[in-house]
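Student: Provided below are the primary sequence and the corresponding predicted coordinates.
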Amino acid sequence: MQIKIETPLTKEKISGLKSGDSVLISGEIYTARDAAHKRMTEAVNNGDALPFDIKDKIIYYAGPTPAKPGHVIGSCGPTTSGRMDAYAPALIRLGLTGMIGKGDRSAEVTNAITECGAVYFGAIGGAGALISKCVVSSEIIAYEDLGTEAVRRLKVKDFPAVVIIDKDGNNLYHSRA
């Protein structure tokens with residue numbers, strides 16, 4: 001059974017999600033990789049505004065390739081989440097409720113997830129072309145100079161993911177052998 005989720009990703013929506021649940025996400029999500037995360041963290045540390053209101057949002061760790069003619073976006077697969085682990089706890093504490101990527105997360109990220117009531121979703125690596133078919137629209141909203149790593153606002157329909165770490169800290173990677 002797949003659970004359908006509409007953004008924004010509120011604490012109420014997170015409360016029913018458990019590690020191992022399959023979800024289909026629809027609505028707005030944002031792409032950002034390590035260079036964008038570094039800039040966002042620097043902005044917070046300098047007292048500057050983030051490029052979007054992070055509360056109840058989902059960041060997808062991806063750097064989409066350019067769109068081919070007639071397509072909304074190019075390949076849009078997940079990148080390794082651990083590269084964002086130095087930055088994620090601060091963003092979670094500011095209200096970020098969801099992250100999508102691939103691979104395990106650090107203890108610091110898991111602690112922030114449980115302290116603040118967030119969730120980490122896994123997307124299938126190597127399936128970027130397939131995932132891109134779930135993207136309805138794509139718009140660069142910040143750090144255009146970063147190219148494929150610019151922050152984008154995506155509108156997605158039935159984006160497939162699995163809950164890896166739920167709000168209680170249950171981790172799919174650690175609970176199953």
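Tutor: Okay, I see it.
Student: Quick one: low-confidence residue ranges for the protein.
Tutor: Low-confidence segments of the chain, defined by pLDDT under 70: 176-177.
Student: Next, residue 38: phi, psi?
Tutor: phi -60, psi -50 (degrees, to the nearest 10).
Student: residues in contact with it?
Tutor: By Cβ atoms under 8 Å, 6 or more residues apart in numbering, the residues touching residue 38 are residue 87. Using the backbone N, CA and C atoms, a C-beta is placed for each residue, glycine as well.
Student: Tell me how far it lies from residue 61.
Tutor: The gap separating residue 38 from residue 61 is 13 Å, by Cβ to Cβ, to the nearest Å.
Student: burial of the closest residue to residue 116 other than its chain neighbours, as a residue count?
Tutor: For residue 116, ignoring the flanking residues on the chain, the nearest one in space by Cβ to Cβ, 6 or more residues apart in numbering is residue 92 at 5.0 Å. Under the neighbour criterion other Cβ atoms under 10 Å, residue 92 is assigned a count of 24.
Student: Looks to me like residue 92 is in a helix.
Tutor: Yes: counting by DSSP: H, G, I helix; E, B strand; the rest coil, residue 92 is located in a helix.
Student: my guess is it contacts residue 117, does it?
Tutor: No: the criterion here is Cβ atoms under 8 Å, and residue 92 misses it with residue 117 at 9.1 Å.
Student: what ranges do the helices span in this protein?
Tutor: For the chain, the helices defined by DSSP state H occupy 11-15, 34-45, 88-93, 107-116, 128-132, 172-175.
Student: Throw those into a markdown table and include distance to residue 163, thanks.
Tutor: Formatted as a markdown table, the helices of the chain follow (distance: least, Cβ to Cβ, whole Å):
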| stretch | distance to residue 163 |
| --- | --- |
| helix 11-15 | 9 |
| helix 34-45 | 22 |
| helix 88-93 | 16 |
| helix 107-116 | 11 |
| helix 128-132 | 17 |
| helix 172-175 | 7 |
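Student: Could you identify which of those is most buried?
Tutor: Most buried of the helices of the chain, by mean neighbour count (mean count of other Cβ atoms under 10 Å): helix 88-93, with a mean of 20.
Student: helices or strands up against it?
Tutor: The helices and strands touching helix 88-93, judged by 3 or more Cβ pairs under 8 Å, 6 or more residues apart in numbering; DSSP states H and E, are helix 34-45, helix 107-116.
Student: Pull that helix out as PDB, backbone CA atoms only.
Tutor: The C-alpha trace of helix 88-93 is given here as PDB (Å, rounded to 0.1, in the frame of the first residue of the first chain):
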ATOM      1  CA  ALA A  88      20.700  19.400   7.600                       C
ATOM      2  CA  PRO A  89      20.300  19.700  11.500                       C
ATOM      3  CA  ALA A  90      20.200  23.500  11.400                       C
ATOM      4  CA  LEU A  91      17.600  23.500   8.600                       C
ATOM      5  CA  ILE A  92      15.500  20.900  10.400                       C
ATOM      6  CA  ARG A  93      15.600  23.100  13.500                       C
END
